[in-house]
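S.K.: My questions concern the predicted model and sequence given below.
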Amino acid sequence: MTENEQPQPSAEKKGNKALVITLVCVGVGCFLVVPCIAIMAALVIPSLAGARDNALKAGCAAHLRQIGMACQQYSADFNIYPDRLETLVERDYLSNSGDTTCPAARTKGRADASYAWTPERIDRSTASRTPLARCPVDSHADGGVNVLQVDGSVNYGRPGDPDYQRAIETIP
Ligand SMILES: [Zn+2]
């Protein structure tokens, strides 16, 4: 070996150095990528859950509107509203029995997924803003209920809203 020649690292040392560099790169990559994925998941998952809740509310309101239309036909024929929700299905005013259940309650696998029905005897002289049916309590994610009024309109009320309170009080 002359004075200008540097000692060369062995092949084993070169391999170890490459391995260390690779591990450092992978480690740094993980530190960058994992938090990015976590942040994206934190942003996307709640919005997906929110979209799902909104879809369940809209599907639920569509069921109650169907029930409202069936009630209008029933009351036109009998001058009184049915005393039970099932009457509409039994007498063929409501063709799809699935419309008698809240989709949000059904998604939760609840046995009481059927809409709660008014205990009042309602006829065509009853005030139009009288609740006829509502979702089972605690079906929707925010604890609210869709309410079908005698005039066939459907509105969503959260706990504390006047429509929610009236529906819970008149349909226990
Ligand atoms: Zn519902």
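M.R.: Thanks, I have the structure now.

S.K.: Next one: the longest helix along the chain, is it in contact with the ion?
M.R.: Longest helix of the chain, by residue count under DSSP state H: helix 11-78. Yes. With CB under 5 Å from the ion as the criterion, the ion is reached by helix 11-78 at C60. The C-beta positions use only the backbone N, C-alpha and C, and glycine is treated the same way.

S.K.: pLDDT (mean, whole number) over that helix?
M.R.: Helix 11-78 carries an average pLDDT of 85.

S.K.: after it, next one along is what?
M.R.: helix 86-90 (DSSP states H and E).

S.K.: So which bits of that next one are buried?
M.R.: Neighbour counts using 16 or more other CB atoms under 10 Å place T87, L88, V89 of helix 86-90 among the buried residues.

S.K.: Can you give me every residue that contacts the second one?
M.R.: What that stands for is L88. The contact partners of L88, taken as CB atoms under 8 Å, 6 or more residues apart in numbering, are I67, A70, C71, Y74, P82, L94, T100.

S.K.: which residue sits closest to the residue sitting nearest the centre point of the chain in space, ignoring its chain neighbours?
M.R.: For the chain, D53 is the residue whose C-alpha lies nearest the centre (CA atoms, centre = their mean; 2.5 Å). Excluding its sequence neighbours, the residue lying closest to D53 (CB to CB, 6 or more residues apart in numbering) is A141, at 4.4 Å.

S.K.: same check, this time on D151
M.R.: Nearest to D151 is S128, by CB to CB, 6+ apart, at 3.6 Å.

S.K.: tally of neighbours for A133?
M.R.: 25 (other CB atoms under 10 Å).

S.K.: Could I get the pLDDT score of it?
M.R.: For A133, pLDDT reads 97.
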